[in-house]
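Peer 1: here is my input; please provide its structure:
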Amino acid sequence: MCLAIPGKLTAITGQLDETFRFGKVSFGGIMKEVNLSMVPEAKVGDYVLVHVGVAISLVDEEEAHKTFEYIKQMGELNDLDSNTSET
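Peer 2: The predicted model follows:
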């Protein structure tokens, strides 16, 4: 099953132009490098929904926390931690 996981954008790490950007996103302390091209309005501190390394939308902080907890309870975060982390 493919899931989109909410995380907090902690830094913009690269920008080629107004739209094509990369950033670090924290998923409960696990940091990943994410493509931000689909959410050009995202800024540090925002919560984004990430699918296959791409932020696909902004999400409300409260909703992000709830969703993350549900995913955690289902045991679907194991792959996230076992993949290469960017710190």
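Peer 1: can I get the longest helix along the chain in CSV, CA atoms only?
Peer 2: Criterion DSSP state H: the longest helix present in the chain is helix 61-73. Taking Å, rounded to 0.1, in the frame of the first residue of the first chain, the C-alpha atoms of helix 61-73 are listed here in CSV:
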residue,chain,number,x,y,z
GLU,A,61,-0.7,20.9,12.0
GLU,A,62,-3.4,19.2,14.1
GLU,A,63,-4.4,17.0,11.2
ALA,A,64,-0.8,16.2,10.5
HIS,A,65,-0.2,15.0,14.1
LYS,A,66,-3.4,12.9,14.1
THR,A,67,-2.6,11.3,10.8
PHE,A,68,1.0,10.6,11.8
GLU,A,69,-0.2,8.9,15.0
TYR,A,70,-2.6,6.7,13.0
ILE,A,71,0.1,5.7,10.6
LYS,A,72,2.5,5.0,13.5
GLN,A,73,-0.2,2.8,15.2
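Peer 1: for that helix, packing partners?
Peer 2: For helix 61-73, the packing partners by 3 or more C-beta pairs under 8 Å, 6 or more residues apart in numbering; DSSP states H and E come out as strand 5-15, strand 47-51. Quick note: C-beta positions are derived from backbone N, CA and C, even for glycine.
Peer 1: for the last one, which strands pair with it and how are they oriented?
Peer 2: Same thing as strand 47-51. strand 5-15 (antiparallel), strand 54-59 (antiparallel) (DSSP bridges).
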